[in-house]
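# Pasting the sequence and the predicted coordinates here, then a few questions.
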Amino acid sequence: MPDLDEEFHAYAAARLERWRRGAYLLCGDWHLADDLVSEAVIRLHRHWAKVRRADNVDAYAQTILTRCWLTERGRGWRRRERSTAELRHPAYQPPDERIVDRLPLAELLRALGPRQRAVLILRFYLDHSVEETAEILGITTGTVKSQCARAIEQLRSDRVTP
């Protein structure tokens with residue numbers, strides 16, 4: 001039987017990129033997404049002996065990642081890190097077409113409130129059920145459904161508006 005660290009590393013390595021993309025959709029910032037995933041991985045590793053016995057380890061991990069983001073959103077602006085050094089821009093590189101195609105989606109998601117954004121990402125991007133989404137966010141299934149409906153309605157109205 002592999003030891004707990006090897007098991008954890010194999011589990012996390014297989015899901016790291018998915019967590020990163022999901023975190024980006026939640027927060028809209030690749031750097032913050034990396035920080036959120038790092039924090040979630042630390043928490044998962046710290047409690048891996050308990051986490052590995054969960055009925056749905058992926059849902060448990062997603063709960064931790066989503067709650068890391070919600071906690072970050074609740075921080076006061078004074079407690080967030082800010083860099084002051086100016087960065088030199090590298091020579092122009094044409095953007096990857098896959099990223100360009102996702103930009104309008106990311107902009108639309110940023111227009112939503114944090115709970116609505118989380119519900120849509122969990123339900124449709126990460127393919128969690130209504131029940132799993134409710135459990136991850138700590139809300140009722142009715143709230144998941146209503147937040148989802150309102151978010152989709154808002155996205156449709158924002159998209160139609162010139």
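That came through, no problem. Residues are numbered from 1 along each chain as shown.
# So which residue is smack in the middle of this structure?
Geometric centre of the chain, nearest residue: Ala23, 2.6 Å, by Cα atoms, centre = their mean.
# Quick check: that residue touching Val41?
No: using Cβ atoms under 8 Å, Ala23 makes no contact with Val41, being 11.0 Å away. The way it works is simple: take the backbone N, C-alpha and C, and place the C-beta from them, glycine included.
# how far away is Leu155 from Arg110?
Using Cβ to Cβ, to the nearest Å, one obtains 11 Å as the distance from Leu155 to Arg110.
# the more surrounded of those two?
Leu155 (17 against 12; other Cβ atoms under 10 Å).
# can you pull the contacts of the residue nearest to the centre of the chain?
Contact analysis of Ala23 by Cβ atoms under 8 Å, 6 or more residues apart in numbering lists Leu32, Ala33, Asp34, Leu36, Val37, Ala40, Leu65, Trp69.
# can I get these in CSV with distance to Ile139 and pLDDT?
Below are those laid out as CSV (distance: Cβ to Cβ, whole Å; pLDDT from 0 to 100):
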residue, distance to Ile139, pLDDT
Leu32, 23, 91
Ala33, 23, 92
Asp34, 27, 94
Leu36, 20, 94
Val37, 23, 95
Ala40, 19, 95
Leu65, 16, 93
Trp69, 15, 89
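# ok now the top helix by length along the chain, how far from the chain's centre?
Ordering each helix of the chain by length in residues (DSSP state H) puts helix 4-27 first. Relative to the centre of its chain, helix 4-27 is centred 11 Å away, using Cα atoms, centre = their mean, to the nearest Å.
# show me what contacts Ala118?
Leu26, Thr66, Trp69, Leu70, Leu137.
# Which pLDDT value goes with the fourth one?
Pointing back at Leu70 there. At Leu70, the model reports a pLDDT of 86.
# and it, how many neighbours?
15.
# Apart from its neighbours in sequence, what residue is nearest it?
Closest residue to Leu70 apart from its sequence neighbours, by Cβ to Cβ, 6 or more residues apart in numbering: Pro114 at 6.6 Å.
# number of nearby residues for the one you found?
15.
# what's the helix or strand containing Glu135 in contact with?
Per DSSP states H and E: Glu135 is located in helix 130-137. Residues from elsewhere that reach helix 130-137, judged by Cβ under 8 Å, 6+ apart: 56, 59, 62-63, 66, 115, 118-119, 122-123, 128, 140-141, 143-145.
# per-domain residue ranges of this structure.
With domains defined by automatic domain parsing, the chain comprises 1-76, 103-162.
# what's near enough to touch Leu44?
Applying Cβ under 8 Å, 6+ apart, we find Leu44 in contact with Phe8, Ala12, Val51, Ala61, Ile64.
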